[in-house]
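> return atomic coordinates for the entry below.
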Amino acid sequence: MPDLALSGLDEGSDARLDPDVWQRNLAALAAVGWPALNVLAATTLPPHFRLRRSIDGWLSFRVEPAGEQPCWLDRSGAPLTRAEALLSMYACGELNATMPGAGSGAELSLLLERLPRHKAVFVWEWAWLALAAALHVVDVAEAIRSRRLILIPPDGGAYLESLLDAEPGLLPPGNILRLPHVSGEWIEQVHARCARLSAEVLARRSAALRELKVPAPVPAAAGPPRLALLTTQPDGLARFATALVRDSCGGSVETLRSAVDDPPGAHPLIHARRLVEFAPTHTIFVNQPPLPVCGDSPAASQWYLSTGAAARAVPGSAALLPATPAVEAALRRCVAASQGVVPFYWACVGDESPNDELGDEIALCVDRHDDSAAACGVDQPTHRMLWDKMRDLARRLWETPDGQRADALLARAERETGLGVAERDVREKLVQLAAGELIPAATTERIIELLRHDDQRAVLVGSGWGRPARATWVPGGAIQPGTGEDFWTQVRLNRPRAPLAAVFAGGADPFAAALPIAGAMGWPLIVHAPAADVLGRALGGLLTPGQHVAPFASYRDLIAALRRLRDDPRERQRIGRRTHEHLVARHTYRQRVAALLTSQGGP
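Numbering: from 1, shown residues only. Prediction:
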């Protein structure tokens, strides 16, 4: 019987190296002033490092020294599979992610894909050769330049400390992703260094925040108003909102926008310093109370964009600004009646213009939601069973009023499963999660499935569609995702032909931030709602159902509305023009800001 060459069973397949990957990574490190660049650039891969495609498709090196047993770099012939397993058990926590080495690059690549944009990955490498090998196969140049990836040399403790001092908005390293091939001793060293440094850095930043104070507002007569738009929340909608208001104000108001756009903007200290330097006459804090540096300024406002965020509102002199009637109702429930609640509803930028070139695609304006129990933090077995039943019910009942009510779905799930949730706080949490994630996901997926079944061409316009596919439905066929993170970014990037209609669905609140923008662009608006009167109240008079917006409760209603627009292009243009003229004349952010500044003693 012949000897079995067991080492060849995971040999993988031939692959070719793209030399530009290594050069791009080195150029990115040079651009950020990485101190050990010369050492890394001089590190050459030995000839016994043979590039191969692993058995699960990952590009890696098979180490085959003469006279020794061959093995894969990072000790795995299926690095991508192992990376998936490791990340399924990893939680980044409040700080940035930490890795005790780059490994094969698979864990690093997946981690960068899955972490939110304000989180970074610190890689504290222990071997130059291992780091060079990973940077030959994984293109992380963009992540390095944006500070989403920070490489720490083996002796780089001083570099890390100076970096965190120079970047006061960058969160320090936190939870470690433990790699199986890395020695426990090195992992403990990295953990100890990071824990000590993180504690020291956060303590220094807290002390610095306490010392800051925004100067008293300059009287309006001394110059134009100075408006600061600020959020320290890692929230895509808050980023979107601050950019919209800034873009709309133009030259009439000096503006500062400070938001959590990237890892160097994740800590409040950087925003507080910007605020002090800018010395605003008025400040709008988005989805949060005012920062302590403002004191009790009457020129500070709190703008809340969702009912969930409204729970953060605090009593005080700062006016409360709701983005929709639903948020307004939530705010009035949360604070004393004496505190001012001033509508500051979603609006348009004001420079939108209708496009006379008409297309036949549907702009499906929906965000992507991951409503899996794991993603939503539903981990207790009984709760997971209820959650799965609620998901099933939401998909079946999305065209009915009960299908859009989280409390009704939970009650029916309890009846059908015979299970129950007695704890009030747990029940409220499940209802909130269902309203914010489960119902939007079910509604969106069902509409997409039905449109795809009927071969209706659509472009998905909303956040989340560029992320790795972890939700149930994956774009394909006649329905494709747009580009960019949010609605306005996608529109500005593409300026597409006017779609057949902009269809809004799957939101916890029918009044979406993008709704008035799409309307101002002359796109016919079709909005999912159980009834026209319900939609009218949700829009707060900004848009009128039947005049500016066509409501639909069922898929049949949606198809009928689309058919009417296809059959009468002139009426389609008239509806778009009417909505555009109504919005740009009465509902722009510039008008909203002017009214707010006047109410606070501004010009």
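
> you'd agree residue 432 is up against residue 406?
Yes: counting by Cβ atoms under 8 Å, residue 432 does reach residue 406; the two are 7.5 Å apart. C-betas here are computed from N, CA, C, even on glycine.

> between the two, which is the more surrounded one?
More crowded of residue 432 and residue 406, by other Cβ atoms under 10 Å: residue 406, with 20 against 15.

> which outside residues touch stretch 531-542?
Residues outside stretch 531-542 that contact it (Cβ atoms under 8 Å, 6 or more residues apart in numbering): 324-326, 328, 343, 345-347, 401, 509-511, 515-516, 527, 529, 544-546, 549, 551, 553, 587.

> please list the members of those that lie in strands.
527, 549, 551 (DSSP state E).

> so what's residue 509 up against?
306, 307, 324, 326, 327, 538.

> mind putting these into a markdown table with pLDDT, distance to residue 248 and neighbour count?
Listed next are these as a markdown table, based on pLDDT from 0 to 100; distance: Cβ to Cβ, whole Å; neighbours: other Cβ atoms under 10 Å:
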| residue | pLDDT | distance to residue 248 | neighbour count |
| --- | --- | --- | --- |
| 306 | 92 | 20 | 22 |
| 307 | 89 | 24 | 22 |
| 324 | 97 | 18 | 26 |
| 326 | 93 | 23 | 19 |
| 327 | 95 | 20 | 28 |
| 538 | 93 | 23 | 20 |
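
> need the residues you listed in CSV with distance to residue 205, can you?
Formatted as CSV, the contacts of residue 509 follow (distance: Cβ to Cβ, whole Å):
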residue, distance to residue 205
306, 28
307, 31
324, 34
326, 36
327, 31
538, 41
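
> just those now: which is nearest residue 98?
Sorting those by distance to residue 98 puts residue 306 at the head of the list, at 31.6 Å, by Cβ to Cβ.

> now do the contacts for that closest one.
Neighbour list for residue 306: 237, 287, 323, 327, 508, 509 [criterion: Cβ under 8 Å, 6+ apart].

> separation between the third one and residue 282?
Just to be clear, that refers to residue 323. According to Cβ to Cβ, to the nearest Å, residue 323 stands 18 Å off from residue 282.

> need the max-distance pair from the contacts of residue 509.
306 and 538 (13.2 Å).

> got the buried residues for stretch 28-43?
28, 29, 34, 36, 40 (16 or more other Cβ atoms under 10 Å).

> what's in contact with it?
Stretch 28-43 is touched from outside by 26, 128-129, 131-132, 135, 140-142, 144-145, 147, 151, 153, 156, 159, with contacts defined as Cβ under 8 Å, 6+ apart.

> farthest pair within the residues you listed?
Using Cβ to Cβ, the pair of these lying farthest apart is 129 and 147, separated by 25.2 Å.

> got any ranges where the stretch 451-600 of the chain has weak pLDDT?
Counting by pLDDT under 70, the stretch 451-600 of the chain has low-confidence residues at 465-496.

> can you rerun that using 90?
Scanning the stretch 451-600 of the chain with the threshold set as pLDDT under 90 gives 452, 455-499, 506-509, 529-534, 598-600.

> please enumerate the helices of it.
Listed in chain order, the helices of the stretch 451-600 of the chain (DSSP state H, counting those that start in this stretch) span 487-494, 515-520, 532-539, 555-567, 569-586, 589-599.

> go through those and pick out the most buried.
Across those, averaging neighbours per residue (mean count of other Cβ atoms under 10 Å) puts helix 515-520 on top, at a mean of 26.

> which residues of the stretch 301-450 of the chain fall in strands?
Ranges of strands within the stretch 301-450 of the chain are 319-322, 362-365, based on DSSP state E, counting those that start in this stretch.

> what's residue 177 sitting at in phi/psi?
Reported as degrees, to the nearest 10, the phi and psi values for residue 177 are phi -80, psi 110.

> closest to the centroid, which residue in the protein?
residue 236 (4.5 Å; Cα atoms, centre = their mean).

> now that residue. Nearest residue, chain neighbours left out?
Of all residues not flanking residue 236 in the chain, residue 463 sits nearest, at 5.2 Å (Cβ to Cβ, 6 or more residues apart in numbering).

> deepest of the strands of the stretch 301-450 of the chain, which one?
Most buried of the strands of the stretch 301-450 of the chain by mean neighbour count (mean count of other Cβ under 10 Å) is strand 362-365; its value is a mean of 27.

> so what strands line up beside it?
Here strand 362-365 is paired, per DSSP bridges, with strand 458-460 (parallel), strand 501-504 (parallel).

> contacts for that strand, please.
Contacts of strand 362-365 (Cβ under 8 Å, 6+ apart): 447-448, 451, 456-462, 479, 487, 496, 499-505, 512, 514-515, 518, 523, 562.

> before we move on, what about stretch 250-258?
With Cβ under 8 Å, 6+ apart as the test, stretch 250-258 has contacts from 224-231, 242-243, 245-246, 249, 265, 270-271, 274-275, 278, 280, 590, 593-594, 597.

> ok, and for it, which residues are buried?
By 16+ other Cβ under 10 Å, the buried positions in stretch 250-258 come out as 253, 255, 256, 257, 258.

> got the CA positions of that stretch in PDB?
The C-alpha trace of stretch 250-258 is given here as PDB (Å, rounded to 0.1, in the frame of the first residue of the first chain):
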ATOM      1  CA  GLY A 250     -25.300  78.000   2.100                       C
ATOM      2  CA  GLY A 251     -23.800  81.500   2.800                       C
ATOM      3  CA  SER A 252     -26.600  82.800   4.800                       C
ATOM      4  CA  VAL A 253     -25.300  81.300   8.000                       C
ATOM      5  CA  GLU A 254     -21.700  80.300   9.000                       C
ATOM      6  CA  THR A 255     -21.900  76.600   9.800                       C
ATOM      7  CA  LEU A 256     -19.800  74.000  11.600                       C
ATOM      8  CA  ARG A 257     -20.700  70.400  11.100                       C
ATOM      9  CA  SER A 258     -19.100  67.900  13.500                       C
END
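
> what mean pLDDT does that stretch get?
Regarding stretch 250-258, the rounded mean pLDDT is 88.
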